[in-house]
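>>> I would like to see how this sequence folds:
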Amino acid sequence: MLNYKKDNRKAGLRLVFDYLHRHIVAVIVIIAVVSGVIATVTIVQNREEAEKVEPGKITELAETDEIRLATYQPKSFNVFKSTDEDVYFINQLVYSSLFTLDDTLNVVPDAVESYETDPENGAVEITLRDDIYFSDGSALDAYDVNRSIDAIVAAGSKSPYYVYANKIDLLYIHDRKSFRLTFKKTSDASLDNLVFPLVSDAEYEDGQRFALGTGPYAYGKYEEGKELILEPNEHYYKGEPALPIRITFVKDKTTIPGLMTMDAVTAGLFREPESVAIAEDKNLLCRPVTSGELEYLGFNFSNELLARQEIRSAIARSIDRDAIVTDDYGDAAVVSDSLYYPGFLGTDKANTIAFEPKEAADSLLAAGLVDSNEDGLLEDEKGEVVSFTLIVSKKYGSRVEAAYSIAEDLAAAGVEVEVVKLSADDFTSRMKSGKFDMLLGGIKMDKQFKMSQLLTKSNYIGYKDGDVFKQAAALERTLSNGEQLAAFETLKQSLNEQVPYLAICYRNYYFLSVDTFQSTGSPAWYDPFRGAANWSWKRKVTRNNPQNG
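This is a model prediction of the structure:
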């Protein structure tokens with residue numbers, strides 16, 4: 001048989017040789033034609049490359065005199081009434097607030113020199129900095145804070161800051177730099193409710209388009225439909241920004257990366273995962289920015305098995321979240337160390353739920369589940385196969401893929417999972433009615449990171465641990481930084497031990513910039529222009545080469 005195959009191969013080679021011999025002229029012609037085409041393409045490409053750099057010209061990097069941004073044309077610039085997202089971002093350049101958030105979403109003072117919390121009475125004593133000035137040179141005082149609160153409340157629920165200021169009951173002024181602020185409820189008494197813009201009591205008028213602020217920039221020249229200039233505030237307490245900001249209004253933000261290649265835009269934040277490929281294609285810098293979009297797995301406590309902590313913990317440790325982020329979310333997300341934002345308030349990211357398939361399998365057996373017939377499927381004490389339904393909205397492709405990955409991981413642990421893809425409406429209906437075993441959902445968090453949808457008695461999974469709810473609520477009280485971190489570490493440990501939910505990941509946004517961009521700060525998903533006062537970049541300039549005469 002082997003010799004027969006060898007003979008066949010020899011005969012085949014002879015046929016090929018004979019064919020080539022008979023058609024050798026045609027083959028030579030074809031090779032010549034193909035070579036000519038390749039040469040022509042190469043010549044054309046070289047010519048195009050040559051045309052990009054004019055003879056006798058050189059390209060150099062030059063210092064710039066402004067930062068260039070691009071946004072949609074806002075409908076309104078009123079600091080308290082505008083609902084334009086871009087204006088919300090611009091406000092953080094123009095206005096200071098009493099407190100702000102750092103990279104870990106911890107509350108840190110901005111216009112505040114010192115403060116003392118009174119959690120029991122839902123109040124906080126505040127002393128303002130002496131070096132906070134509006135762009136006209138006037139000093140910020142307690143009356144300006146009071147005016148700002150009144151203006152937000154008057155603007156009503158459509159104001160993006162109403163959710164914060166409406167919780168304040170009273171501001172009692174001691175003197176021009178100090179006051180006591182009391183909240184309506186102790187449960188609402190939180191420093192992260194004091195992150196609204198501050199305006200001038202003397203200058204602000206209801207409905208005013210461009211109000212004075214105490215931030216690093218001030219409103220300058222404005223041409224509707226064309227551009228807005230933000231001028232450096234020479235009185236800014238952290239130092240006057242080096243460069244003004246020119247904001248160009250565009251009708252389509254997808255054109256912004258192209259504008260960056262022409263040095264018409266310096267940087268911008270994008271939510272689409274394909275931003276990485278766009279940046280690579282256009283030779284732009286690309287920095288991932290963890291967003292507030294949480295993808296989570298929830299366990300229904302009405303299911304007898306899932307109501308058991310050891311079962312939930314074993315399931316969670318059977319799921320390879322890193323692989324899910326890579327395979328299903330295209331690396332456009334990050335695994336979190338808890339249900340909250342990664343490293344929330346500066347907590348240790350190493351203390352988390354690990355992927356431990358062997359230990360998880362042992363835990364399932366220790367919990368009384370067995371594989372009596374050795375078919376790879378576990379059975380409960382009644383001899384029934386352990387099987388769960390996992391509902392997911394088919395509206396979100398990556399989430400659906402993640403659901404199937406979770407099912408595969410659990411199948412490897414001996415747990416059968418049926419993925420049920422639903423319309424968005426049906427998913428919500430099933431979630432609210434409790435007709436599921438597990439659900440894979442998502443939430444867009446506010447920068448305050450209140451988990452009211454998941455960690456209150458009205459949650460959809462039937463989780464009822466009052467102590468954990470109290471721990472979550474404690475984060476909303478007027479605690480100092482150290483007290484808040486300690487409170488969260490207790491909550492994090494409780495959540496990671498009990499596992500009512502498993503945080504699959506937080507989605508990434510992307511900060512794109514020109515390749516010469518430099519910054520000492522980090523943008524945030526809720527504040528993409530953070531640190532703009534310290535931004536710098538160099539533009540490309542083509543000029544005559546002096547060596548060519």
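>>> Backbone torsions only: list them for the residue with the shortest distance to the centre of the chain.
In the chain, the C-alpha nearest the mean C-alpha coordinate belongs to S291, at 1.2 Å (Cα atoms, centre = their mean). Main-chain torsions, S291, degrees, to the nearest 10: phi -90, psi -180.
>>> Give me the nearest residue to it, chain neighbours excluded.
W525 (4.3 Å; Cβ to Cβ, 6 or more residues apart in numbering). No exception for glycine: its C-beta is placed from N, CA and C like everyone else's.
>>> re earlier: got a list of what the residue nearest to the centre of the chain touches?
Contacts for S291 (Cβ atoms under 8 Å, 6 or more residues apart in numbering) come out as R271, Y506, R507, N508, Y509, W525.
>>> of the residues you listed, closest to F134?
Proximity of the contacts of S291 to F134 was ranked by Cβ to Cβ; the top entry is W525 with 28.5 Å.
>>> and that closest one, how many neighbours does it have?
Look at W525: counted by other Cβ atoms under 10 Å, it has 20 neighbours.
>>> again with the one 5 residues further on
Using other Cβ under 10 Å, R530 is surrounded by 20 other residues.
>>> what's near enough to touch it?
Per Cβ under 8 Å, 6+ apart, neighbours of R530: Q92, G521, S522, P523, A524.
>>> Of those residues, which belong to helices?
Under the assignment DSSP state H, the contacts of R530 contribute Q92 to helices.
>>> what's the closest of the contacts of R530 to M260?
Comparing the contacts of R530 against M260 with Cβ to Cβ picks out P523 as the nearest, at 15.0 Å.
>>> List the single closest residue to the closest one in space, sequence neighbours excluded.
Setting aside the residues directly before and after it, P523 is nearest to F511 in space (Cβ to Cβ, 6+ apart), at 4.9 Å.
>>> Tell me the secondary structure at the one you found.
Following DSSP: H, G, I helix; E, B strand; the rest coil, we place F511 in the strand state.
>>> and if you look at A354?
Assigned by three-state DSSP, the conformation of A354 is coil.
>>> From L378, how far out is it?
Between A354 and L378 the distance is 21 Å, computed by Cβ to Cβ, to the nearest Å.
>>> hang on, the earlier thing: which two in the contacts of S291 are spaced the farthest apart?
Maximum pairwise distance among the contacts of S291 (Cβ to Cβ): 12.8 Å, between R271 and Y506.
>>> So for the two, which residue has more residues nearby?
Y506 (22 against 15).
>>> if I read this right, that one contacts P288, doesn't it?
No - counting by Cβ atoms under 8 Å, P288 is not a contact partner of Y506; they are 10.7 Å apart.
>>> Which neighbours do these two have in common?
Common neighbours of Y506 and P288 (Cβ under 8 Å, 6+ apart) are V334.
>>> Give the buried subset of the contacts of R530 as a PyMOL selection command.
Under the burial definition 16 or more other Cβ atoms under 10 Å, those of these that qualify are selected in PyMOL by:
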select buried, resi 92+523+524
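>>> and which of the contacts of R530 is nearest to D103?
Nearest member of the contacts of R530 to D103, counting by Cβ to Cβ, is S522, at 5.8 Å.
>>> where exactly do the strands run in the stretch 151-300 of the chain?
Counting by DSSP state E, counting those that start in this stretch, the stretch 151-300 of the chain has strands at residues 168-175, 178-183, 217-223, 227-232, 245-249, 267-270, 285-299.
>>> which of those strands sits most buried?
strand 267-270 (a mean of 23; mean count of other Cβ atoms under 10 Å).
>>> returning to what we had before: I'd like to check which residues are in contact with the residue nearest to P523.
F511 is in contact with A267, G268, L269, F270, C286, R287, P288, V289, P523, P528, counting by Cβ under 8 Å, 6+ apart.
>>> What about G207, how many residues nearby?
Counted by other Cβ under 10 Å, the residues lying close to G207 total 11.
>>> Y296 and L455: what is the separation?
12 Å.
>>> do Y219 as well
Distance of Y219 to L455, computed by Cβ to Cβ: 41 Å.
>>> can you check S190 too?
Relative to L455, S190 is positioned 15 Å away (Cβ to Cβ).
>>> and if you look at D337?
17 Å.
>>> who's more crowded, these two?
Between D337 and L455, L455 has the larger neighbour count (other Cβ under 10 Å), namely 24 against 20.
>>> thinking that one is in contact with K470, fair?
No - contact between L455 and K470 fails when scored by Cβ under 8 Å: they sit 9.9 Å apart.
>>> can you pull the contacts of the closest residue to S138 other than its chain neighbours?
Closest residue to S138 apart from its sequence neighbours, by Cβ to Cβ, 6+ apart: S200 at 6.6 Å. Applying Cβ under 8 Å, 6+ apart to S200 gives the contacts F134, D136, S138, D144, R147, A211, L212.
>>> and the first one, what pLDDT?
At F134, the pLDDT value in this model is 98.
>>> Quick one: residues contacting it.
Contact analysis of F134 by Cβ under 8 Å, 6+ apart lists L140, S200, E203, L212, G213, T214, H235.
>>> Buried only: go through those residues for me.
Buried members of the contacts of F134, counted by 16+ other Cβ under 10 Å: L140, S200, L212, G213, T214, H235.
>>> contacting residues around F436?
By Cβ under 8 Å, 6+ apart, the residues touching F436 are N300, T389, L390, I391, V420, R430.
>>> Of all pairs in the residues you listed, which one is the farthest apart?
Taking every pair in these and measuring Cβ to Cβ, the maximum separation is 12.9 Å, between N300 and V420.
>>> Could you check which of these two is surrounded by more residues?
Higher neighbour count among N300 and V420: N300, with 21 against 18, using other Cβ under 10 Å.
>>> pLDDT at that one, what is it?
The model reports N300 with a pLDDT of 98.
>>> Which residues are in contact with it?
L306, G434, F436, D437, M438, L439, I461, G462.
>>> Just confirm the second one contacts Y460, I think it does.
Yes - with the criterion set as Cβ under 8 Å, G434 and Y460 qualify as a contacting pair; they are 6.9 Å apart.
>>> Now the phi/psi pair for the residue nearest to S138, please.
Torsion angles at S200 (phi, psi; degrees, to the nearest 10) stand at phi -90, psi 130.
>>> measure it to F449 for me?
Note on S200: its distance to F449, by Cβ to Cβ, is 31 Å.
>>> Give me the more crowded residue out of G434 and Y460.
Between G434 and Y460, counted using other Cβ under 10 Å, the more crowded position is Y460 (18 against 14).
>>> Now do the contacts for the spatially closest residue to the more buried one that is not a sequence neighbour.
Among residues not flanking Y460 along the chain, M431 sits closest, at 5.0 Å (Cβ to Cβ, 6+ apart). Residues in contact with M431 (Cβ under 8 Å, 6+ apart) are I391, L439, G441, Y460.
>>> so can I have a markdown table of those residues showing secondary structure?
Conversion of these to a markdown table gives the following (three-state DSSP):
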| residue | secondary structure |
| --- | --- |
| I391 | strand |
| L439 | strand |
| G441 | strand |
| Y460 | coil |
